[in-house]
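1. Coordinates only, no sequence provided:
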Ligand SMILES: Cc1cc2nc3c(=O)[nH]c(=O)nc-3n(C[C@H](O)[C@H](O)[C@H](O)COP(=O)(O)O)c2cc1C
């Protein structure tokens, strides 16, 4: 088996999916993505766990969700602090976003990550969204109602999740 000398012993085929979530959509995506990827895949919530050292991972997939036009601070802070290391990895990016205007949605994706990481990433996807009115606070419910969103829904895209997995698997060195 070919082993790339750049990668530390043991990192071959190891993937970390590091995600930020408020109501679970981004977590669902991480868990749907994981079994579709080759090798050893670990999913970690940045909201609940301390992310492991990146040294032992060949691939890192970063996922989060958009609130008021921006991705979770926990994820963007982490990315800014580990940018140099991330630029040495195989990287995939995804966001959950409910914005209806596709241009605004695409801009949310671009703006969620530093330009260098966005350009470096093998795949960057908008993977759909969910609304859970039963879990939201009053302000959130009102904000959505003002946008004409009145009901809970699940609109995660299996196609986008499959595309992400396919791109990450196909481009393996
Ligand atoms: C209060 C609120 C504000 C939101 N603001 C945006 C937004 O500005 N842009 C967007 O694309 N989606 C927005 N969304 C949709 C979320 O990104 C979507 O619900 C996503 O699936 C949440 O993922 P999570 O459960 O992983 O946090 C908003 C959702 C809520 C509840």
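-> On my side now, so go ahead. Quantities reported herein were computed from a predicted structural model and do not represent experimental measurements.
2. Could you look up the SS state of the residue positioned nearest the centre of the chain?
-> Closest residue to the average C-alpha location of the chain: residue 63 at 1.3 Å, with CA atoms, centre = their mean. Classification of residue 63 using DSSP: H, G, I helix; E, B strand; the rest coil returns strand.
3. Enumerate every residue touching it.
-> 17-20, 26, 29-30, 93-96, 127 (CB atoms under 8 Å, 6 or more residues apart in numbering). Where C-beta positions appear, they are placed from N, C-alpha and C, glycine not excepted.
4. I figured residue 129 hits residue 97, correct?
-> Yes - between residue 129 and residue 97 there is a contact under CB atoms under 8 Å: 5.8 Å.
5. what is in contact with those two at once?
-> Jointly contacting residue 129 and residue 97 under the rule CB under 8 Å, 6+ apart are residue 65.
6. Could you list the low-pLDDT ranges of this protein?
-> 1-11, 173 (pLDDT under 70).
7. Please, where are all the strands along it?
-> 14-19, 40-45, 59-67, 70-71, 90-96, 123-126, 128-131, 153-156 (DSSP state E).
8. Tabulate these (CSV), appending distance to the ligand.
-> Output for the strands of the chain, formatted as CSV (distance: least, CB to the nearest ligand atom, whole Å):
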stretch, distance to the ligand
strand 14-19, 8
strand 40-45, 10
strand 59-67, 3
strand 70-71, 8
strand 90-96, 4
strand 123-126, 8
strand 128-131, 4
strand 153-156, 8
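9. Tabulate these in TSV, adding columns for distance to residue 114.
-> Listed next are these as TSV, based on distance: least, CB to CB, whole Å:
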stretch	distance to residue 114
strand 14-19	15
strand 40-45	20
strand 59-67	11
strand 70-71	12
strand 90-96	11
strand 123-126	12
strand 128-131	23
strand 153-156	26
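10. Figure out which of those is closest to residue 142.
-> Smallest distance to residue 142 across those (CB to CB): 13.3 Å, for strand 128-131.
11. returning to what we had before: nearest approach to residue 111 belongs to which of the strands of the chain?
-> strand 70-71 (7.4 Å).
12. helices or strands next to the closest one in the packing?
-> helix 102-111 (3 or more CB pairs under 8 Å, 6 or more residues apart in numbering; DSSP states H and E).
13. Right, I'll leave it there.
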